[in-house]
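Asks: need coordinates for the below:
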Amino acid sequence: MKTLYLLRHAKSSWNFDELSDQERPLNDRGRDDAPRMGQALAKRDIKPDLIVSSPAVRAMSTAALVARELDYPHDKIAVEPGIYQAEVDDILGIIHNLPESADSVILVGHNPTFTDTVNTLSPSSINEMPTAAVVCLRFDCNSWEQVSRANAEFYFYDYPRNVN
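Replies: Just a heads-up that it's a prediction; the model follows:
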């Protein structure tokens, strides 16, 4: 069994015209929502073997805030440049090449690609993932390379306005 969590980065700030898109930080709401989503995952007793993030500042910040709530070491967060500005096929390639030693992985990235990836892999479709939303998919397989819609189970979908 492989378990994948697709986590969209928390709300980012548009207040810094001098920053590139990749450098945009989280805004106040994002800095509140990311740990709340981490706490919601912790309540589900989620212990990822690996967290992989886009290199964008807003994604890395989200990953770090969620990791802290899950007691996942910040220095163990892997950065995958291919997540930034990826298409669905790129994300599928990243998923299929995840290390086999990790059975539970959180990918932190961007929309619309994450919503499209969920809808490509999942037997259940969702509307656009809001910022800091997370979808959990479980796959009845022993290898990330085998992950597909055919062996997928939609386990849960959560987002900040839905958690306490």
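
Asks: all helices for the chain, in order.
Replies: With DSSP state H as the definition, the chain shows helices at residue ranges 28-43, 57-69, 88-96, 113-121.

Asks: and those helices: which comes nearest residue 22?
Replies: Taking C-beta to C-beta, helix 57-69 is the member of the helices of the chain nearest to residue 22, at 6.8 Å. (C-beta placed from N, C-alpha, C; glycine too.)

Asks: now the angle between helix 28-43 and that closest one, please.
Replies: 40 degrees (axes from the mean of the first three to the mean of the last three C-alpha atoms, to 10 degrees).

Asks: what's the most buried one of the helices of the chain?
Replies: For the helices of the chain, the largest average neighbour count (mean count of other C-beta atoms under 10 Å) is found in helix 57-69, namely a mean of 23.

Asks: who touches residue 154 in this structure?
Replies: 122, 123, 124, 135, 137 (C-beta atoms under 8 Å, 6 or more residues apart in numbering).

Asks: give the residue spans of the protein that score low on pLDDT.
Replies: Applying pLDDT under 70 to the chain flags the ranges 164.

Asks: closest to residue 102 out of the contacts of residue 154?
Replies: Taking C-beta to C-beta as the measure, residue 137 is the one of these closest to residue 102, at 14.6 Å.

Asks: doesn't residue 4 make contact with that closest one?
Replies: Yes. With contact defined as C-beta atoms under 8 Å, residue 137 counts as touching residue 4 (5.0 Å).

Asks: common neighbours of those two, please.
Replies: Residues touching both residue 137 and residue 4 (C-beta under 8 Å, 6+ apart): residue 121.

Asks: rewinding a little: out of the helices of the chain, which is closest to residue 105?
Replies: Nearest of the helices of the chain to residue 105, taken as C-beta to C-beta: helix 88-96 at 8.1 Å.

Asks: contacting residues around the closest one?
Replies: Outside helix 88-96, the residues that touch it by C-beta under 8 Å, 6+ apart are 4, 52, 80, 82-83, 86, 107, 109, 113-114, 116-117, 120-121, 144-145, 147.

Asks: kind regards, and thank you for your time.
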